[in-house]
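Engineer: Okay, here's the prediction I keep looking at, along with the sequence it came from:
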Amino acid sequence: MTEIKLREVKTLKYLRPTIERGYANQTLHVDLSTSEISIKPLEEKVKEIFVGGRGFCLWFLWNAVKGSTKWNDPENAICISSGPLGGTPIYPGSGKSIVTSISPTTGSVMDSNVGGYFGPYLKFSGFDALELRGKATGDVIILIDGISQKVQLFQAPELPDMAHEISHILTQHFAQGKPRNVSVVSTGPGAKHTLMGCLNFSWYDTGRGRARYKQAGRGGIGSVFSDKGIKALVSCWDKVTVKTNNPANEEELKKVAKMHSREIVELDPRQNDMARVGTTHLVEIMNDHDCLPVKNFRYGQDPRAPNLGQEVFRRIFDKGFDGCWIGCTVACSHGVKDFVPVTGPYKGKRVFVDGPEYETIAGCGSNLGIFDPYTVTEMNFYCDTYGLDTISVGTSMAFVMECFETGLINEKHTGGLDLSFGNRAGALELLHQMAAGRGFGRVVGRGVRQMKKIFAEEYGADPDAIQDIGMEAKGLEFSEYMTKESLAQQGGYGLTLKGPQHDEAWLIFLDMVHNYMPTFEQKAEALYWFPMFRTWFGLCGLCKLPWNDIVPEDNKDTKEPAKVIKHVKWYAEFFGAVTGRSVEPGDLITMSEAVYDFQRIFNLKMGFGTSEHDNIPYRAMGPVTVDEYESRRERYDKQLVEVYGVEINGKSTGEKLRLLRKIREQMYEKLKEAVYKRRGWNENGIPTLETVKRLRIDFPEVLEVLKAHGVEK
Amino acid sequence: MIKVGKKIIPWREGMSVADLLNDLKDPYAYPVVKVNGKLVSRIDFEKTLIPDNSEVYLIPMVAGG
């Protein structure tokens, strides 16, 4: 075991409360500037309106920051919470946590969800949420030990920098012979040197005898963590049983959990086989449907995509149980054992790689024109241990590669790096530069939005061209789906709270394949219901995969197959069985809507949250270049003629391109209007007074923000 | 013959996935089906032939992201 030196700064001993119906009923607050550790009771009203998880995190963050707060100001907070259902070991996917903070890349509120044991262990240790404020001097770790009933702040100057080493060492250090009792949150050097740092939340893999991790990737919260001087958070808890969360009705909980768990065991092998291949099954399916991003979202298909598909990763993944929470039957967190990187500080050494998942494969593979599974695996390993978000890294590099290939930037700017699409060595070198804050990596680490400004203002690149192809909205890089042919998914990315991440709404198949929503009103309804229901998972500590990735065989014959209503009913029963609050499926939407609209108003408080901030780059809507148009000419010509009644005879591709663009941009604006109306927002995308009153979030400070934006009686 | 879930469907020479769905009279817009464990997307339904004694599973996929 590696010896580590920790210097105790502060210790708070406490009496651990009994968990009551999924809640500890108190929260933990650490001010890193003053080393003050405090415990506060959870107000009933906060519990009732914000439910838990993302709701609690948003509430504490709202109270921590002013409208003028920047990501690296001491008052910015990092909040972590699981939720009332989080930590249930018998219901699939019940170990999630949400992290919120003011983001370095968007300047507004960011939420990121993650598996691993930390959130449930935090709650079982006696805290529904953790709020971290201030900045430490030197590297610190915070221990939340529910077994010994103490919270400790340590100086930890000698810990290694790499996340996988931090997780391993701290797990061993605090295990006392039971490593499964420990969960570590950490980041790495990439978080310090870029704005796209992620957080790694560990879970202990008993079968393989090692600490593994999942990532809260989006929006650079790892960079906030690093800026605060936090090296790691550690939570410790002992055995978890169904009684640990003290549900209101244990028998009902067991009944519904058994049904869902059994269904997954029976159907997953026949459907997506996620317990063996994770989300890699999506690679070829997306490719077949022209939705896999290739070369910076230019194309949706490439004949080499099967090289990154499920059958390849089925062979590469190490076989065994891969659940990031105890008892999950989806168990999709696969990994690669004894992988040997060919570059970087671990070149030639055997390492374990957690992943890759679909997003990483598409982001660090196809979108870079790279179709080699081992390069993707190496990118995955280094992103995680450097503390970098694989999605933002992939989408940022894809943008850079297109700029390089089209001459918008050149080797003078990249420091001699050839960043052509498909250059595996170039991509890996750029990643190492980003993590170390050297060379061109320093620029790329700022993210797409800041690169657009730098390329235009300092490198003389055409700002309009860059705007069209730089795949970010609200300052967040797009996750890895092609949206050109799905207006609903364009809204699913653009009309989000934090930026283009598919966790709010994934409507591509419902729109493109099933054609469930042909009208604007139907699309708007989907962009109301799905973001609300998906938000609910984040309030409760749940993973959404068991809801609609594995579906009942008779689901297709139900009135609304897209909603998987059988499972929605089970979730309502699950919520009632744990919390004792009897709810119907419709109530889940209402409780989410309150939090959702509160977050929209939070954006407003931070200077965003209006219609202009819901715009997306044209690459997300349609073909930007003649080459893109020509590659799908039959499709676009047909649409212009048959759908929009445009006469195209004698028109050049450039002319058709402009006509199509005008139509698609108008459609997106029309969609925005329909969605705002359905969500109870005004034409500028701001929730109305009636809406906030209906949702009971009409707190004085909320009304003040609305008033400042012209929304008042 | 072909096994589709719990149903047994007669096989014929040159039968494609599209033919099978037609025979089943199942109007659901399946994006993908599994033929002997291998995923076949809708774009390939017409051109993918089903061998005799195959096991087919129709995946009622609504999600992905």
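Structural biologist: Now that the structure is in, tell me what you want to look at.

Engineer: okay, CA-based contacts and neighbour counts for the rest of this
Structural biologist: Fine.

Engineer: Chain B against chain A: which residues are in contact?
Structural biologist: B:28-32, B:34, B:41-43, B:57, B:59-65 (C-alpha under 8 Å from any C-alpha of the partner chain).

Engineer: got the contact list for the most centrally placed residue in chain B?
Structural biologist: Centroid-nearest residue in chain B: B:V17, 4.4 Å away (criterion: C-alpha atoms, centre = their mean). Going by C-alpha atoms under 8 Å, 6 or more residues apart in numbering or on different chains, B:V17 touches B:45-50.

Engineer: Buried subset of those as a PyMOL selection?
Structural biologist: Entered in PyMOL, the line below selects the buried ones among those, by 16 or more other C-alpha atoms under 10 Å in any protein chain shown:
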select buried, chain B and resi 45+48+49+50
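
Engineer: mind giving me CSV with the contacts of B:V17 and columns for distance to A:R632?
Structural biologist: Formatted as CSV, those follow (distance: C-alpha to C-alpha, whole Å):
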residue, distance to A:R632
B:F45, 21
B:E46, 21
B:K47, 21
B:T48, 23
B:L49, 27
B:I50, 30
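
Engineer: Please enumerate the strands of chain B.
Structural biologist: Remark: strands assigned in chain B by DSSP state E are B:2-4, B:7-9, B:32-35, B:38-41, B:55-59.

Engineer: Assign the residue nearest to A:P92 when sequence neighbours are not counted to helix, strand or coil.
Structural biologist: Nearest-residue entry for A:P92: A:C328, 4.2 Å, with adjacent residues in sequence omitted and distances by C-alpha to C-alpha, 6 or more residues apart in numbering or on different chains. Of the three states, A:C328 takes coil according to DSSP: H, G, I helix; E, B strand; the rest coil.

Engineer: Tell me how many other residues surround A:C328.
Structural biologist: Number of residues near A:C328 (other C-alpha atoms under 10 Å in any protein chain shown) recorded here: 24.

Engineer: What of the one 5 residues further on?
Structural biologist: Using other C-alpha under 10 Å, A:S333 has 24 neighbouring residues.

Engineer: which of the contacts of B:V17 lies closest to chain A?
Structural biologist: Lowest distance from chain A to these (C-alpha to the nearest C-alpha) belongs to B:F45, with 11.2 Å.

Engineer: my guess is the closest one meets B:L21, correct?
Structural biologist: No - with contact defined as C-alpha atoms under 8 Å, B:F45 does not reach B:L21; the gap is 9.1 Å.

Engineer: shaky segments in chain B?
Structural biologist: B:64-65 (pLDDT under 70).

Engineer: That one: helices as residue ranges?
Structural biologist: Under the criterion DSSP state H, chain B carries helices at the ranges B:17-24.

Engineer: what's the answer for the stretch 351-500 of chain A, then?
Structural biologist: Applying DSSP state H, counting those that start in this stretch to the stretch 351-500 of chain A gives helices spanning A:358-364, A:373-386, A:390-405, A:411-414, A:424-436, A:441-444, A:448-457, A:463-469, A:487-494.

Engineer: Tabulate those (JSON lines), appending distance to A:G207 and mean neighbour count.
Structural biologist: Listed next are the helices of the stretch 351-500 of chain A as JSON lines, based on distance: least, C-alpha to C-alpha, whole Å; neighbours: other C-alpha atoms under 10 Å in any protein chain shown:
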{"stretch": "helix A:358-364", "distance to A:G207": "24", "mean neighbour count": "29"}
{"stretch": "helix A:373-386", "distance to A:G207": "21", "mean neighbour count": "24"}
{"stretch": "helix A:390-405", "distance to A:G207": "27", "mean neighbour count": "26"}
{"stretch": "helix A:411-414", "distance to A:G207": "44", "mean neighbour count": "14"}
{"stretch": "helix A:424-436", "distance to A:G207": "31", "mean neighbour count": "21"}
{"stretch": "helix A:441-444", "distance to A:G207": "38", "mean neighbour count": "22"}
{"stretch": "helix A:448-457", "distance to A:G207": "40", "mean neighbour count": "19"}
{"stretch": "helix A:463-469", "distance to A:G207": "45", "mean neighbour count": "18"}
{"stretch": "helix A:487-494", "distance to A:G207": "38", "mean neighbour count": "27"}
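
Engineer: okay if I get those as CSV plus mean pLDDT?
Structural biologist: Below are those laid out as CSV (pLDDT from 0 to 100):
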stretch, mean pLDDT
helix A:358-364, 98
helix A:373-386, 98
helix A:390-405, 98
helix A:411-414, 98
helix A:424-436, 98
helix A:441-444, 98
helix A:448-457, 98
helix A:463-469, 98
helix A:487-494, 96
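
Engineer: Would you mind saying which of the ones you listed lies nearest chain B?
Structural biologist: Ranking those by proximity to chain B (C-alpha to the nearest C-alpha) places helix A:358-364 first, at 9.0 Å.

Engineer: by contact count, what packs against the closest one?
Structural biologist: On a contact count with 3 or more C-alpha pairs under 8 Å, 6 or more residues apart in numbering or on different chains; DSSP states H and E, helix A:358-364 meets helix A:281-288, helix A:373-386, helix A:390-405.

Engineer: what about the first one, near chain B?
Structural biologist: Yes - interface with chain B: helix A:281-288 contributes A:282, A:285, A:288 (C-alpha under 8 Å from any C-alpha).

Engineer: Pull up the residues of chain A that are close to chain B.
Structural biologist: A:270-271, A:282, A:285, A:288-289, A:502-503, A:506-507, A:509-510, A:513-514, A:548-551, A:553, A:555-556, A:561-562.
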